[in-house]
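Q: This is a predicted model, with the sequence first.
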Amino acid sequence: MDSEDAGDRSLHRHLGNVIRELRQRDHLTIADVAGQAGISRGMLSKIETAQATASLDTLARIADALGVSMAHLFRHYNSPAGEARLVRDGEGMEVVRRGTRRGHTYHLLAYDQGPKKTFEPFLVTMDDASEVFPTFEHPGTEFIHILQGRIEYRHGKQTYELGPGDSLTFRGDVPHGPERLIETPIRMLSIIVYGDSAQG
């Protein structure tokens, strides 16, 4: 199949779908719109099902009959497909990281990003104040945001006391991690953003 023909068919399908959706949205019949546009009902029906090609003049009259601009008929044509991934509350994949024990969980909130990871968002929960935490080192930049509880967090030689609403951003290749859990349970968002060299 010629790619130009395929493109034409795709455009006709798009225009037909948009015209039908606009007509149905306004509770108009084919006869209503065809009469206003000065074309036959059969012709409008064929345009809606991509069985006939409409001239620009005809499209302009149909758009006018529907109360929209002609540009409106084309506005979402060739828009990129959506690539959003939704993870519902409680559906994040539980991840075991070095040092992760009972009472200390990581839920990965986005995954399946393809061959190269660009970022990893975690919901981290800690409720065992007696736990001794390891230090972490990894490529990229990490951002943490405290949702609940109070924590003393170490990055290199510096420690920071963080409470609800506080955020900390730091280089991941400098040793870091929880130093002391001040008020549990602690829930925090941790987002690691990788550079170009990070591999999945």
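A: Cool, got the structure.
Q: Now do the buried residues in stretch 127-141.
A: Within stretch 127-141, the residues scored as buried using 16 or more other C-beta atoms under 10 Å are 131, 133, 136, 140-141. For the C-beta atoms, the positions are set from N, CA and C on the backbone; glycine is no exception.
Q: Spatially nearest residue to residue 53 (excluding sequence neighbours)?
A: residue 12 (6.2 Å; C-beta to C-beta, 6 or more residues apart in numbering).
Q: between the buried residues of stretch 127-141, which is nearest residue 46?
A: Closest approach to residue 46 among the buried residues of stretch 127-141 (C-beta to C-beta): residue 140, at 55.5 Å.
Q: and the residue lying closest to residue 125 once chain neighbours are set aside, how far is that from residue 118?
A: Closest residue to residue 125 apart from its sequence neighbours, by C-beta to C-beta, 6+ apart: residue 105 at 4.9 Å. Distance, residue 105 to residue 118, by C-beta to C-beta, to the nearest Å: 23 Å.
Q: With neighbour numbers in mind, choose between these two.
A: Shown here are residue 105 and residue 118; by other C-beta atoms under 10 Å, residue 105 has more neighbours (18 against 15).
Q: burial of residue 157, as a residue count?
A: 7.
Q: Need the pLDDT of it.
A: With respect to pLDDT, residue 157 scores 94.
Q: again with the one 5 residues further on
A: Reading off the confidence values, residue 162 has pLDDT 96.
Q: how distant is the longest helix seen in the chain from the center of its chain?
A: Longest helix in the chain, counting residues (DSSP state H): helix 3-25. In terms of C-alpha atoms, centre = their mean, to the nearest Å, the gap separating the centre of helix 3-25 from the centre of its chain is 26 Å.
Q: now the helices for the protein?
A: Under DSSP H, the chain gives helices at 3-25, 30-37, 41-48, 56-66, 70-74.
Q: Can you list the buried residues in the shortest one?
A: Taking 16+ other C-beta under 10 Å as the basis for neighbour counts, the residues of helix 70-74 that come out buried are residue 73.
Q: Same question for the fourth one.
A: The neighbour-count criterion (16+ other C-beta under 10 Å) identifies 58-59, 61-63, 65-66 as the buried residues of helix 56-66.
Q: can you check the second one too?
A: By neighbour count, with 16+ other C-beta under 10 Å as the criterion, the buried positions of helix 30-37 are 30, 32-34, 37.
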